[in-house]
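In: Have a look at this fold, sequence not included:
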DNA sequence: TCTGTATGTATACATCGTAAATGTACGCTC
DNA sequence: GAGCGTACATTTACGATGTATACATACAGA
């Protein structure tokens, strides 16, 4: 039914179609990278709930079923989004793992750097953050996307190189992950009721909160809605590292 | 308010149907509490993805549409589950807020107690934990379920009573929430590939991990799969409180 | 006994994920 | 070039889901 705008305008114009590489008569337009990039962009733009196979297909000028060549199910597609986030993280961190190249005594700085880069990626894709706390953690370790596993490897290698034994390294790893994911989850959600409202109290919808039963929450809410920013992340991380690396 | 189950056992016992309280000719079988309890039980038993309106209806011996009297949409139902979790938390914490009754100097112990109780609730309903990191945080502050708001109020009142100003209290509140949610999210997910496998390495699916590219992860995985338990939670919390309450 | 309201059912529709069969255009060999 | 195999995309179809709407029923109070 040719919902296309570009293609095969005239099947036999003779003089005809002058194909560009990206336009070879509906053939080979897709690849996994494009699919995931488009999915992430859609999620960024309209939220996770807007992501359906049909919708993503339309976004790419393709039927929904075509996507199954590049992600074997919708769950796999979501895992792919997680992968995309971690690929973006790797890019920001630089290709080669610093852990192996750098000075082992800088492991704290390196952890901070990784945490900060993760924060930045999440800040760029706030709507996708829930995927980390749910999809990613729900998938058994060994089945997580490769980019995720590489990230795990990087962290663990860093810690082992710094001299921590397995048990120690695991503890630090878990604390790092918990704090990082918790922090971005709490920080990067709206909390705002009506974003277009100029008055902060109304923007937060505070008029819904009973002053009798929730007095403290009501008066603290505006301050609560502020962000700790990357500094808050780094502060907490330092505190946790102090504790979890104690003898 | 008469959402009771006690009443009107046998309108006219005559010979006939011997109605039990739970069986009055399909009328008045439901109430919000029962719906939410049943939903939570279903999630506990078969996971979040098993929760559909039809399925939950069947569980209660009722058509799907009947549920809409008690939750105006599926999203509202999920929010109801969050509420149910927080009600359970309140039960464990005791009815009256300790913050107002207790000694303000015990605020750290009280925070630990709340964290521990939350951990216990999550441990009892691991399949529902993702709801906290997603649904709960995604809902604008003022629209969160009442039990959640009461929990926020309790925490903030506790901190204000301990002498922290709004800004300070907010910072501690956010750190507390982030750590707590991150910790239970990381801790209470399976990580296991094939639960029935006796050998730990196979149970984790480690054979899928390339020894060349992921050596450290491979050797650390068994230790990673262990839990930090409530002690780990308390340790990290203490560390964060030290940091976020510094002058 | 009658009537209004609270409660649950019946029916219907749009949308979703996805299995299976079908077409279509390219790269290859001849 | 002609023809073929295969990678790619479409078509069609099915069952499940959330939910709007209209209806039926059972109880409570007059």
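Out: Nice, I can see it. Predicted, not measured: the structure shown is a model, and the values here were computed from it.

In: now the helices for chain A?
Out: Using DSSP state H, the helices found in chain A span residues A:32-46, A:53-59, A:74-93, A:98-101, A:107-124, A:129-131, A:137-138, A:146-161, A:166-187, A:200-203, A:215-224, A:229-244.

In: can you tell me which of the ones you listed the model trusts least?
Out: Mean pLDDT is lowest for helix A:98-101 among the helices of chain A, at a mean of 53.

In: domain assignment for chain A?
Out: For chain A, automatic domain parsing gives the domain ranges A:18-72, A:94-244.

In: In chain A, what residue comes closest to chain B?
Out: Of all residues in chain A, the one sitting closest to chain B is residue A:182 (2.3 Å; CB to the nearest CB). From N, CA and C alone the C-beta is placed, and that goes for glycine too.

In: Identify the residues contacting that residue.
Out: Contacts for residue A:182 were tallied using CB atoms under 8 Å, 6 or more residues apart in numbering or on different chains; they are B:133, B:177, B:178, B:179, B:180, B:181, B:182, B:183, B:185.

In: which one among those gets closest to chain A?
Out: residue B:182 (2.3 Å).

In: I'd assumed residue A:110 was in contact with residue A:241.
Out: No. Assessed by CB atoms under 8 Å, residue A:241 is found out of contact with residue A:110, at 11.5 Å.

In: between the two, which one's more packed in?
Out: residue A:110 (22 against 19; other CB atoms under 10 Å in any protein chain shown).

In: so how far is residue A:228 from the more buried one?
Out: 21 Å (CB to CB, to the nearest Å).

In: The nearest residue in space to residue A:137 that is not next to it in sequence: what's it in contact with?
Out: Nearest residue to residue A:137, sequence neighbours excluded (CB to CB, 6 or more residues apart in numbering or on different chains): residue B:189, at 4.4 Å. For residue B:189, the contacting residues are A:137, A:138, B:126, B:129, by CB under 8 Å, 6+ apart.

In: any chance of those in JSON lines, with neighbour count and distance to residue B:74 too?
Out: Below are the contacts of residue B:189 laid out as JSON lines (neighbours: other CB atoms under 10 Å in any protein chain shown; distance: CB to CB, whole Å):
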{"residue": "A:137", "neighbour count": "25", "distance to residue B:74": "23"}
{"residue": "A:138", "neighbour count": "20", "distance to residue B:74": "20"}
{"residue": "B:126", "neighbour count": "16", "distance to residue B:74": "21"}
{"residue": "B:129", "neighbour count": "24", "distance to residue B:74": "19"}
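
In: Using CSV, please lay out these together with distance to DNA strand D.
Out: Formatted as CSV, the contacts of residue B:189 follow (distance: CB to the nearest atom of the strand, whole Å):
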residue, distance to DNA strand D
A:137, 22
A:138, 18
B:126, 21
B:129, 19
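
In: if we can go back for a sec, nearest to residue B:47, out of the helices of chain A?
Out: Nearest to residue B:47, of all the helices of chain A, is helix A:137-138, at 9.6 Å by CB to CB.

In: so who does the most centrally placed residue in chain A touch?
Out: Per CA atoms, centre = their mean, the C-alpha nearest to the average position across chain A is that of residue A:85, at 4.4 Å. If you count contacts by CB under 8 Å, 6+ apart, residue A:85 has them with A:40, A:121, A:122, A:125, A:128, A:131, A:132.
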